[in-house]
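[1] this is the structure alone, sequence omitted:
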DNA sequence: TTATAATCGAGACGGTACGTCACGTCTTAGT
DNA sequence: ACTAAGACGTGACGTACCGTCTCGATTATAA
């Protein structure tokens, strides 16, 4: 006996299924920007997607799965390195990328998810964090190898500091960081203060 | 003329009321550590406090109010400046204080609240942020005046960067920052990297 | 120790108490006409009377008591017999009196109370019914003795029939009985139909 | 074009739904006989029916709807005319029918509802009244046409008087009318008294 | 005149029920 | 067969009154 109650035992691949997947994705984004992650309800997504609630549950068994589906394209933006020629250029480019992503509803949702500590979100958060930090790591590592940064530089910590400073700017200040704000962060971290 | 015949006014101060307030506070803390802010239900707090739900709503009309009541003592810890004699000492002391507070359930709840973007929490988050940052501001400002830091130092940004780096360490890494971790953050920000 | 918890052990007679009693009565009437007996809340009466809820409970321990206090004057109107000289005159007068009383909020409340079957209202309803029917009894008995009605007349049943026909006219028809309506009732009951 | 792609519309008719409807009906009757209409709580009905509260609200959005569902079978008993051959026979049969219906909890509830004047009950009360009176109208009208009653008889008023006399007997007397009581009412109304 | 007892208001309490919302699952019906 | 519509149990929401109690303050009666 093999899970007799499982509603969908094989996954459909027909055009109808594709259509469902796309409209749910779009509806999820719309709802995220309307109410935020905490206020996201499957009911609303289903209605906005013109789809029934059970249909959503069949493919995305949790809100985490729904979020993951929608956040994936954002994470992919961190896989291509900027390569502007200078550390500051590379890092600034990454910081601007983060700013843009955080401004999108699914990006904001990720940050919310990061702090709620819900178990089902743990893996997603870990992955997303690692993937973003990796871009910083690579940029910093390159700079060290090019001699732009001291070999003693604490790459992981600098990456963490820059990343969180940008991500949390808007929650703390009420508006996203301007270009000068990003430069100030970079300067504060990279230049001698003592 | 202010209603001269009004027999009493203001809130109750009898021992019973005090008892209610205290047990709700305790129960809120217990629930926060059990389920986190997102999973906090008034029902559970009421039951844990041995109090009826309407009683809670009478005094704390929203979850935000409940959180505020429980977070206040934490915020007060930032009002006393460390004064260890050196910038690094002062800042490290503040960072350790933050680490301790974030480790407490109500501190963690505040961070969650900061990113959910719920309207009713906005004021609370603003206040808490400002109060914490102010402590960093004072420490940095003192250092500038003592000549420990360059007068060109970007005090607000440095404060922001240090604060968020400590606060977000645990969500990003899965465990709180150790003493060396805090030192590394401080070093990364305050010492020349270029 | 003599009932230490009884709130009111003796009765005050000062002008303040009188004032309280009167304003509660008035407020009860106002609320009855606003919401009817079923929707009557002590809260609303207290607020309308400018009095605290416990104050009401001190004097009128139940809604029934409140209703009784307010209905008493109505019942007294049935104690004086009309004595117009003819059965039809007397009966019509009584029926008009009932119509008037039923139109008042407290009269309407009594009828509501009669059918709810609440235990606490039982006595009040019994008394009110008896007192009203007694007036019909006396009028009919007089008529029998004067020879206006056959000695075989079933006085109690006729009284009941006339009383209920008037009382229930408005609930059944949506508007109170006009003078001709009352005459038609009287005619239908007193004149041969067969 | 009426939404051609709509797979289903209208309510469910499966055995489970039927089962739910039936047990709620039964539970409503049980609760009505336990506490009367005024004391009827949805909570209690739900519990007695082994059904959740939202389920009840889904199908019966108000207490009035619940009452209507349960009272309908009673009203249908008035649609079949007695036809005993004589006015007195027909009317007595109707009066006995009313007595039986009033004795049932849902019948009693209807009478309570008739006098509370709640807006949501207004329509239900009107309908029920009309349907019961119609049976009397038909019986009386037949009698007039057969010559048993004078053509001058005030059919609507006689119907009203008889109906209310039976219905209100129990609230006024504390026990239902016996067979002789019904005869006395009929005699008092149909025979000359003057 | 002053105690002392009665009463008052305001406010709060534990309860019970309300009517609603969203959840995640299961049933029924249509295509 | 798969799906959509619909219904279901569950659990929480925030609110309304209930009837009671405590607390000071205010009156009224009696010493």
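    Good, I have the coordinates. Since this is a predicted model, take the numbers as computed values, not measurements. Residues are numbered from 1 along each chain as shown, chains lettered A, B, ... in the order given.
[2] give me the low-pLDDT residue ranges for chain A?
    Applying pLDDT under 70 to chain A flags the ranges A:1-16, A:192-194.
[3] list the contacts of the residue of it found nearest DNA strand F.
    Nearest to DNA strand F, among the residues of chain A, is residue A:55, at 3.1 Å (Cβ to the nearest atom of the strand). No exception for glycine: its C-beta is placed from N, CA and C like everyone else's. When contacts are counted by Cβ atoms under 8 Å, 6 or more residues apart in numbering or on different chains, residue A:55 is found next to A:20, A:46.
[4] can you tell me the element it falls in?
    Counting by DSSP states H and E, the element that carries residue A:55 is helix A:53-59.
[5] same deal with residue A:70?
    helix A:63-76.
[6] got the buried residues for that helix?
    Neighbour-count burial for helix A:63-76 flags A:63, A:64, A:66, A:67, A:68, A:69, A:70, A:71, A:74, A:75 (criterion: 16 or more other Cβ atoms under 10 Å in any protein chain shown).
[7] now stretch A:173-193
    Result for stretch A:173-193 [16+ other Cβ under 10 Å]: buried residues A:177, A:181, A:182, A:184, A:185, A:186, A:188, A:189, A:190, A:193.
[8] the third one contacts residue A:88, correct?
    This points to residue A:182. No - using Cβ atoms under 8 Å, residue A:182 and residue A:88 do not qualify as a contacting pair, with a distance of 10.4 Å.
[9] return the residues of chain A in contact with DNA strand E.
    A:5, A:7, A:40-44, A:53-54, A:57, A:61-63 (Cβ under 7 Å from any atom of the strand).
[10] one more time with 10 Å
    A:5-7, A:31, A:35, A:39-47, A:52-58, A:60-64, A:66, A:120 (Cβ under 10 Å from any atom of the strand).
[11] how about the helices in chain A?
    A:15-35, A:42-49, A:53-59, A:63-76, A:87-103, A:105-116, A:119-146, A:155-167, A:169-173, A:179-190 (DSSP state H).
[12] of those helices, give the one that comes closest to residue C:156.
    Closest to residue C:156 of these, according to Cβ to Cβ: helix A:42-49, at 63.2 Å.
[13] got the domain ranges for chain A?
    A:15-61, A:72-190 (automatic domain parsing).
[14] packed most tightly, which of these would that be?
    Stretch with highest mean neighbour count among the domains of chain A: domain A:72-190 (a mean of 18; mean count of other Cβ atoms under 10 Å in any protein chain shown).
[15] contacts only, for the nearest residue to residue A:98 once chain neighbours are set aside.
    Distance criterion Cβ to Cβ, 6 or more residues apart in numbering or on different chains; nearest residue to residue A:98, sequence neighbours excluded, is residue A:166 at 4.8 Å. Counting by Cβ under 8 Å, 6+ apart, residue A:166 makes contact with A:95, A:98, A:99, A:102, A:177, A:182, A:185.
[16] can I get these in TSV including distance to residue B:149?
    Listed next are the contacts of residue A:166 as TSV, based on distance: Cβ to Cβ, whole Å:
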residue	distance to residue B:149
A:95	24
A:98	28
A:99	28
A:102	30
A:177	23
A:182	22
A:185	17
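[17] list the contacts for the residue positioned nearest the centre of chain A?
    Geometric centre of chain A, nearest residue: residue A:107, 4.7 Å, by Cα atoms, centre = their mean. Counting by Cβ under 8 Å, 6+ apart, residue A:107 makes contact with A:71, A:74, A:101.
[18] test my guess that residue A:187 contacts residue B:154.
    Yes - the pair formed by residue A:187 and residue B:154 meets the contact definition of Cβ under 8 Å, at 6.8 Å.
[19] tell me the contacts of the closest residue to residue A:77 other than its chain neighbours?
    Spatial nearest neighbour of residue A:77, excluding adjacent residues (Cβ to Cβ, 6+ apart): residue A:97 at 6.0 Å. Neighbouring residues of residue A:97 by Cβ under 8 Å, 6+ apart: A:77, A:78, A:82.
[20] could I get the phi/psi values of residue A:38?
    With angles defined as degrees, to the nearest 10, residue A:38 sits at phi -60, psi -40.
[21] now it, nearest residue through space, not along the chain?
    Per Cβ to Cβ, 6+ apart, closest to residue A:38 is residue B:116, 4.7 Å.
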